[in-house]
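>>> next input, structure requested:
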Amino acid sequence: SRPWCLVEMVTAVSSGVNIVPVLVERPGSTFVFPDETFYSRLRWGGVLSGEAMAAIARQGITTDDLESAIRQVFLLIALPFSPHKTATVRKAEVLDILKRCR
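Numbering: from 1, shown residues only. Next up, the predicted model:
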């Protein structure tokens, strides 16, 4: 639903930019990491709309490029961020995130 985010991800990965995945932890919200079924659906057009895929393709990005970048990002360990926890916990989590940004 946000093809420009995927374009940015592919561009960052191909440019060697340090990417730090952050898992936002909120009550009632659970992120599901991509599995092989997701990647298969991505390859066959079952994840993104035709409009989103066209926007990505206009940037010269192929489905293979997209899959490769997503796989590379999700090989990294995501660091937690808990916006609903105490200020002390949030500060510690942000510091951990910033250490990985170097």
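
>>> where does the protein dip in pLDDT?
For the chain, the stretches flagged by pLDDT under 70 are 1.

>>> so which residues of it form helices?
Using DSSP state H, the helices of the chain run over residues 3-15, 36-43, 50-57, 63-75, 87-100.

>>> contact partners for the residue in the chain sticking out farthest from the centre?
Seen from the C-alpha centroid of the chain, the residue lying at the greatest distance (Cα atoms, centre = their mean) is T88, 26.2 Å away. By Cβ atoms under 8 Å, 6 or more residues apart in numbering, the contact set of T88 is empty. In short, each C-beta sits where N, CA and C put it, glycine included.

>>> ok now stretch 27-45, how far from the chain's centre?
Its chain's average C-alpha position is 11 Å from that of stretch 27-45, according to Cα atoms, centre = their mean, to the nearest Å.

>>> which positions in that stretch come out as buried?
For stretch 27-45, a neighbour-count test (16 or more other Cβ atoms under 10 Å) marks 38, 42 as buried.

>>> contact partners of it?
Counting by Cβ under 8 Å, 6+ apart, 23-24, 47-48, 53, 63, 66-67, 70-71, 74, 84 sit against stretch 27-45.

>>> apply 10 Å and report the result again.
If you take Cβ atoms under 10 Å, 6 or more residues apart in numbering as the criterion, stretch 27-45 is touched by 21, 23-25, 46-48, 53, 63-64, 66-67, 70-71, 73-74, 78, 82, 84.

>>> ends of it, how far apart?
This stretch, stretch 27-45, spans 31 Å end to end (Cα to Cα, to the nearest Å).

>>> cool, and stretch 72-81?
The first residue of stretch 72-81 is 21 Å away from its last residue (Cα to Cα).

>>> which non-adjacent residue is nearest C101?
Using Cβ to Cβ, 6 or more residues apart in numbering and skipping residues adjacent in sequence, the residue nearest C101 is V20, 5.6 Å away.
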